[in-house]
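*Asks:* return a 3D structure for these sequence lines:
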Amino acid sequence: MCGYCTERIDIFTLWQHGRFAPQAEAEPSSVYSISLECPGFNQLLAMQQNQQPLAADIVLIRLACYTLTQPLDSTAQQLCQAMLNQLTTEQNLTPEPSQWHWLDNALQHIYLHGCLPYHDINALPAEFYQQLEQALLWTAEHIYPASADSDTDDNAAWDEAQHQHMLTESRTLAKTLYSQFRQILLAVLLIQQLQPQHPALQQIALKPNASFTLMPALELALRRQLQYHCVCHYGKDWLWQHLHQLELQHIFYLAARSRLEPGEITELQIKLEDEYAGLDYFMTRKDCIAALTMLSLAVEFGFEDAAGSEASC
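*Replies:* Okay, the predicted model is just below:
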């Protein structure tokens, strides 16, 4: 199973009814998406108390970034302690070293104390801020490059040597991203707060294909995170303006997570059917429209959102 299969499963098992509702027996590969995308810390705590696996380091990074702008309530504090205990049990207290030493040190502090070593988001050390941006730009340039260099001419002669070189390069990129994903996630979450209109954020959100994809699909979960950030920061108009650049499964995802109203969902379906908006790489147009119909019914009949919210658009 590839990363795109994992993403499809995650989107339609976690968000199919317009609310975040993971199944009790979630796929092992969904642990990362659950830990990254669950909208409420109270729901994460409930899952942890029910012995549902979570990626403790990812949850702690989210908590640490969140607490830079507002204090944790008692539920979030309890979740933080549970994740610290889990890391200790897993003996996972030291992040893999990266090229960004200030981020490595920040992660080490998060893993030991559940917070960043800085308390004022407007007074971060210059070196730390510089490496945040470096990590974000590296990701945009190497994992979601602006140029469409993955496209090939169907009539071009097959070059086995070039193909093998591209495979080797993709494996190297994948190894680097996965070894440094926590540093990159820290950079993304903080830059979202410090520079919400940073061009690299939108570049990643709108690039159709990654340089590679692996089964855990961290690179694709990161892209979804930034798509949702853009909707939150720029408003729902961002979704309408970029329909032609978004894949159909992401259009469904954003409709569900952004809590579109039934009338908005109907308008979206019309655009998909009549104007052929959206990229049908990994989902058919018919399936997307049908899924949006079910989403509209779920929203109209008012499913209660028991997750709570860490932040809302």
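*Asks:* let's see stretch 127-144 as PDB, backbone CA atoms only.
*Replies:* Presented in PDB, the C-alpha positions along stretch 127-144 are these (Å, rounded to 0.1, in the frame of the first residue of the first chain):
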ATOM      1  CA  GLU A 127      18.900  31.800  15.200                       C
ATOM      2  CA  PHE A 128      15.900  29.600  16.100                       C
ATOM      3  CA  TYR A 129      13.600  31.600  13.900                       C
ATOM      4  CA  GLN A 130      16.100  31.400  11.000                       C
ATOM      5  CA  GLN A 131      16.200  27.700  11.300                       C
ATOM      6  CA  LEU A 132      12.400  27.400  11.400                       C
ATOM      7  CA  GLU A 133      12.300  29.100   8.000                       C
ATOM      8  CA  GLN A 134      15.200  27.100   6.700                       C
ATOM      9  CA  ALA A 135      13.300  23.800   7.500                       C
ATOM     10  CA  LEU A 136      10.100  25.100   5.900                       C
ATOM     11  CA  LEU A 137      11.900  26.200   2.800                       C
ATOM     12  CA  TRP A 138      13.800  22.900   2.500                       C
ATOM     13  CA  THR A 139      10.500  21.000   2.600                       C
ATOM     14  CA  ALA A 140       8.900  23.300   0.000                       C
ATOM     15  CA  GLU A 141      11.900  23.100  -2.300                       C
ATOM     16  CA  HIS A 142      12.700  19.300  -2.100                       C
ATOM     17  CA  ILE A 143       9.400  17.600  -1.200                       C
ATOM     18  CA  TYR A 144       6.900  19.900  -3.000                       C
END
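*Asks:* hmm, who's touching it?
*Replies:* The contact list for stretch 127-144, computed with CB atoms under 8 Å, 6 or more residues apart in numbering, reads 98, 100-103, 106, 118, 146, 173, 176-177, 180, 183-184, 186-188, 190-191, 194, 198, 200-201, 203-204, 207, 210-212, 219, 222-223. Any C-beta I mention is one placed from the backbone N, CA and C, and that applies to glycine too.
*Asks:* repeat that for 6 Å
*Replies:* The contact list for stretch 127-144 (CB atoms under 6 Å, 6 or more residues apart in numbering) reads 100, 102-103, 173, 177, 183-184, 187, 190-191, 200, 203-204, 207, 210-211, 219.
*Asks:* got the buried residues for that stretch?
*Replies:* Within stretch 127-144, the residues that count as buried by 16 or more other CB atoms under 10 Å are 128-129, 131-140, 143-144.
*Asks:* looking at this structure, which helix or strand is least sure?
*Replies:* Ranking every helix and strand in the chain by mean pLDDT, DSSP states H and E puts helix 160-179 at the bottom, with a mean of 76.
*Asks:* buried ones in that helix, by neighbour count?
*Replies:* For helix 160-179, the neighbour count (16+ other CB under 10 Å) marks Met166, Ser170, Leu173, Ala174, Thr176, Leu177 as buried.
*Asks:* following that helix, which helix or strand comes up?
*Replies:* Where DSSP states H and E defines the elements, the next helix or strand beyond helix 160-179 is helix 181-194.
*Asks:* helices or strands next to that next one in the packing?
*Replies:* Applying 3 or more CB pairs under 6 Å, 6 or more residues apart in numbering; DSSP states H and E, one finds that helix 181-194 contacts helix 56-66, helix 101-113, helix 126-142.
*Asks:* continuing past the helix or strand where Ile270 lies, what's the next helix or strand?
*Replies:* Ile270 is part of helix 262-274, with elements assigned from DSSP H and E. Per DSSP H and E, the first helix or strand lying C-terminal to helix 262-274 is helix 285-300.
*Asks:* format the CA atom coordinates belonging to that next one as CSV.
*Replies:* C-alpha atoms of helix 285-300 as CSV (Å, rounded to 0.1, in the frame of the first residue of the first chain):
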residue,chain,number,x,y,z
ARG,A,285,-15.5,12.7,-9.7
LYS,A,286,-18.6,10.5,-9.1
ASP,A,287,-17.3,9.1,-5.8
CYS,A,288,-16.4,12.6,-4.6
ILE,A,289,-19.9,14.0,-5.4
ALA,A,290,-21.5,11.0,-3.7
ALA,A,291,-19.3,11.4,-0.6
LEU,A,292,-20.2,15.1,-0.5
THR,A,293,-23.9,14.1,-0.6
MET,A,294,-23.4,11.9,2.5
LEU,A,295,-21.5,14.7,4.2
SER,A,296,-24.3,17.2,3.5
LEU,A,297,-26.8,14.9,5.1
ALA,A,298,-24.6,14.4,8.1
VAL,A,299,-24.2,18.2,8.5
GLU,A,300,-27.9,18.9,7.9
